[in-house]
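Asker: everything below, folded, please.
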Amino acid sequence: MVLTQTAMPNRSRRMVRVGEQRRGIAAVSAALCIVTLIIGSFGLMGCSSGGTYPIDPEDVAGNIPPVETFFGPEATAVVAGQTVSVGRSFAQIQGGEPVAIGFELREGAIDDLPNPPFDQPGVYISPLPQQVFALVPFRAFAMSDWSGHSPVGIGDVPHVHPVALLQPPQPNAPPFDPERTPVAPAEVPAGYIPATQVPAVGNGAIAPGIGIAYEYPAAPQLQPGWNTIATNYFFYNGHMNGIGMGATYDFLRSRASASLDIAQPQVYPRAGWYPTRNSVTYDPVKRVHVFKLDNFVRAQNVL
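Answerer: Purely as a prediction, here's the structure:
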């Protein structure tokens with residue numbers, strides 16, 4: 001076959017050159033799109049027509065602040081001359097904000113601890129780690145262990161009550177005037193009333209050195225046959241001093257999980273972050289029952 005070269009008119013040659021330029025531009029555009037897709041995670045413009053898609057810096061791997069976990073000193077008890085672990089407080093912080101505070105109760109501790117008399121708890125203290133002090137007003141956990149308390153049919157089952165405290169337990173003695181100081185209505189969450197007005201509380205209305213309990217009458221721990229978790233508040237010298245949690249022995253042994261919302265007051269006693277959820281779970285790796293307060297909100301109205 002003989003190949004013959006035929007001369008093109010000038011107009012035809014110009015059309016060929018334009019077509020070649022357009023194909024070149026299209027190839028470059030496609031290459032740019034491929035490169036953009038590859039490095040798009042660094043926030044460059046996307047390839048779709050009509051807009052850009054900025055990447056949130058916190059979505060880029062490595063930029064999300066880690067959750068840091070800190071532990072307080074271990075709460076212990078002396079049993080038959082031997083020191084046994086009860087558990088320890090903890091705090092989790094992410095990006096300068098609180099994620100959770102709580103208490104890890106060692107599995108088996110409820111079996112190892114001495115059996116307290118009816119209506120008289122054993123109390124074990126674990127201060128919170130200092131890393132969280134600048135964020136939340138809470139300073140310690142008091143874990144109270146009960147063989148039971150009155151009234152019969154509600155509080156008379158073995159259970160525990162960890163309480164997140166704004167201050168450590170104070171010196172106390174009857175007639176418990178600081179514990180009985182009236183509380184301004186704005187400082188009491190809606191629906192909560194003094195435990196002295198709740199027959200189901202029995203002798204647990206006053207926690208010496210901690211405060212008077214305020215209860216929500218429909219709370220689980222106030223119902224006949226209680227066998228789950230609990231939540232309440234404590235007030236000392238007329239102001240919030242603690243958020244109470246709780247669980248029965250049977251609930252803990254079942255390794256079940258449960259959570260309760262925590263109602264908030266209109267006015268807070270101190271600046272900082274306050275939890276809105278109370279949960280109890282079991283960690284099979286660490287073999288601890290985790291009492292956790294989380295879903296924090298920052299106090300807006302402070303005394």
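Asker: CA atoms for contacts and neighbours, from now on please.
Answerer: Fine.
Asker: where do the helices of the stretch 1-150 of the chain begin and end?
Answerer: Here the stretch 1-150 of the chain has its helices, by DSSP state H, counting those that start in this stretch, at 10-39, 109-112.
Asker: an error on my part: the question was meant for the stretch 201-303 of the chain.
Answerer: 249-254.
Asker: coming back round to it: worst average pLDDT in the helices of the stretch 1-150 of the chain?
Answerer: Among the helices of the stretch 1-150 of the chain, helix 10-39 carries the lowest mean pLDDT, a mean of 42.
Asker: for residue 235, name its beta-bridge partners.
Answerer: In this entry, residue 235 is beta-bridged to residue 212, residue 240, by DSSP bridges.
Asker: report the contact partners of it.
Answerer: Neighbour list for residue 235: 179, 183, 210-214, 241-242 [criterion: C-alpha atoms under 8 Å, 6 or more residues apart in numbering].
Asker: one more: residue 248?
Answerer: Neighbours of residue 248 in contact, by C-alpha under 8 Å, 6+ apart: 157-160, 226-229.
Asker: of those residues, select the buried ones using a ChimeraX command.
Answerer: The ChimeraX command for the buried members of the contacts of residue 248 (criterion: 16 or more other C-alpha atoms under 10 Å) is given here:
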select :157,158,159,160,226,227,228,229
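Asker: I'd say residue 247 and residue 229 touch.
Answerer: Yes - counting by C-alpha atoms under 8 Å, residue 229 is a contact partner of residue 247 at 4.2 Å.
Asker: and for these two, which residues touch both?
Answerer: In contact with both residue 247 and residue 229: residue 280, using C-alpha under 8 Å, 6+ apart.
Asker: domain-wise, how is the protein divided?
Answerer: Following automatic domain parsing, the chain resolves into domains at 10-59, 67-298.
Asker: which one of the ones you listed is the most hemmed in?
Answerer: Mean neighbour count (mean count of other C-alpha atoms under 10 Å) peaks for domain 67-298 among these, with a mean of 19.
Asker: could you list the low-pLDDT ranges of the protein?
Answerer: 1-62, 203 (pLDDT under 70).
Asker: which stretches of it form strands?
Answerer: Using DSSP state E, the strands of the chain run over 67-79, 82-94, 97-106, 122-127, 140-146, 159-165, 193-194, 206-207, 211-215, 229-236, 239-248, 258-261, 273-283, 288-298.
Asker: quick one: contacts of the first one?
Answerer: Taking contacts as C-alpha under 8 Å, 6+ apart, the residues outside strand 67-79 that touch it are 83-95, 99, 112-114, 124-129, 131.
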